[in-house]
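Enquirer: for reference, the sequence and a predicted model appear below.
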Amino acid sequence: MRKVIYSLLGFNGVMFLTGLSLLAFALVAYHPQVMAQAAEAAPAGASAGTGIGLLAVALATLGSTLASGWALARVGSAALGAVTEKPELFGRSLVYVGLAEGIAIYGVIISIMMLGKL
């Protein structure tokens, strides 16, 4: 568990907190009082689909950053162990760590694409 927390401190941590804030925003937006106030002063293009779209964006960001953090915890510790025994494996292990980080980047790209459709 500690490894996952450490790997969430970098780029993944920022994206995780972004997704968490989007999720909180989407959940607060569906509170009955908030929805009643929003119905009175809703702009012409606002609908329930917008809120569900924001929830989907939040879940995409959260899922990708959590998966990337878990993958980085596993791959990073294995790569570190391999490099300490054979230093010439550093380049290969760096590729695997980069692939694990790519999961978060792909999730952020999908989230941005989904936000563009809202």
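Expert: Yep, that arrived. Since we're looking at a predicted model, the values are computed, not measured. Numbering: from 1, shown residues only.
Enquirer: is it true that residue 26 touches residue 58?
Expert: Yes: when contacts are counted by Cβ atoms under 8 Å, residue 26 is listed as touching residue 58 (5.7 Å). (Glycine included, C-beta is placed from N, CA and C.)
Enquirer: the more surrounded of the two?
Expert: For residue 26 versus residue 58, neighbours defined as other Cβ atoms under 10 Å are more numerous around residue 58 (22 against 19).
Enquirer: which residues touch that one?
Expert: Neighbouring residues of residue 58 by Cβ atoms under 8 Å, 6 or more residues apart in numbering: 19-20, 22-23, 25-26.
Enquirer: make it 10 Å
Expert: 18-27, 111, 114 (Cβ atoms under 10 Å, 6 or more residues apart in numbering).
Enquirer: same question, residue 85
Expert: Contacts of residue 85 by Cβ under 10 Å, 6+ apart: none found.
Enquirer: the closest residue to residue 79 other than its chain neighbours: neighbour count?
Expert: If the residues on either side of it in the chain are set aside, residue 79 comes closest to residue 93, at 3.4 Å by Cβ to Cβ, 6 or more residues apart in numbering. Residue 93 has 18 neighbouring residues, counting by other Cβ under 10 Å.
Enquirer: hang on, the earlier thing: any of the contacts of residue 58 buried? List them.
Expert: Buried subset of these (neighbour count, 16 or more other Cβ atoms under 10 Å): 18-19, 22-23, 26, 111, 114.
Enquirer: following the helix ranked longest in the chain, which helix or strand comes up?
Expert: If you go by DSSP state H, the chain has its longest helix at helix 48-85. For helix 48-85, the following helix or strand on the C-terminal side (DSSP states H and E) is helix 90-117.
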